[in-house]
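In: Turn this into a structure:
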Amino acid sequence: MTKQDLIEQLSLVEHVEGGYFSETYRATEEMKTPRVGGDRSVMTSIYYLLTDDRPIDHLHQNQSDIMHYFQAGSAITYILVDLEGNLSRVKLGMAIADGEVPQLLVPKGYWKAAVLESGEYGLLGEAVAPGFDYRDMTIATAEAIRTQFPLLWDELSPYVRA
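Out: From the prediction side, this is the model:
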């Protein structure tokens with residue numbers, strides 16, 4: 001299977017963060033939130049694909065917890081900044097003996113980016129609760145990240161969309 005096979009067979013489209021995605025599930029049950037627009041689906045799920053020609057999931061932040069599940073291809077490295085401003089890197093993949101993890105929780109409010117460092121593609125799934133809504137996502141700007149994390153700028157700048 002190639003990246004193009006996956007894009008076609010999973011009906012993936014380009015995502016604003018980078019890579020490709022397709023929403024596979026949106027719960028019909030909703031819950032109240034204090035967020036803009038109020039109610040959200042209880043949960044949503046997507047396929048997400050990074051490829052050798054679209055290898056970066058640019059730095060962004062969500063208001064919901066997101067569970068990432070590795071599914072196929074090459075490992076994907078996540079760059080995370082927690083609520084206290086601590087930076088960490090986690091590799092999502094199946095080489096568990098080498099420190100990779102097959103699933104990764106990114107708690108709400110964390111800044112995250114991801115990169116495919118080798119291979120043609122890395123495919124994962126994501127479950128978001130409360131469900132994903134574009135109004136709940138903030139894509140990093142250089143100015144905001146330089147201001148909020150001046151000591152991390154050199155490490156984060158490759159993942160901030162130009």
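In: Next up, the contacts around residue 81.
Out: 87, 110, 111, 112, 149, 152, 156 (Cβ atoms under 8 Å, 6 or more residues apart in numbering). Every residue, glycine included, has its C-beta placed from N, CA and C.
In: any idea how far residue 14 is from it?
Out: Per Cβ to Cβ, to the nearest Å, residue 81 is found 25 Å from residue 14.
In: And residue 95, by the same measure?
Out: 28 Å.
In: cool, and residue 84?
Out: 33 Å.
In: more crowded one of these two?
Out: A count of neighbours by other Cβ atoms under 10 Å puts residue 14 above the other of residue 84 and residue 14, at 11 against 5.
In: what residues are up against the nearest residue to residue 159 once chain neighbours are set aside?
Out: Among residues not flanking residue 159 along the chain, residue 113 sits closest, at 3.5 Å (Cβ to Cβ, 6 or more residues apart in numbering). For residue 113, the contact set (Cβ under 8 Å, 6+ apart) comprises 56, 57, 58, 59, 60, 78, 79, 156, 159.
In: Take those residues and keep only those in strands.
Out: 56, 57, 58, 59, 60, 78, 79 (DSSP state E).
In: Give me the secondary structure label for the nearest residue to residue 56 once chain neighbours are set aside.
Out: Closest residue to residue 56 apart from its sequence neighbours, by Cβ to Cβ, 6+ apart: residue 18 at 4.8 Å. Following DSSP: H, G, I helix; E, B strand; the rest coil, the label given to residue 18 is coil.
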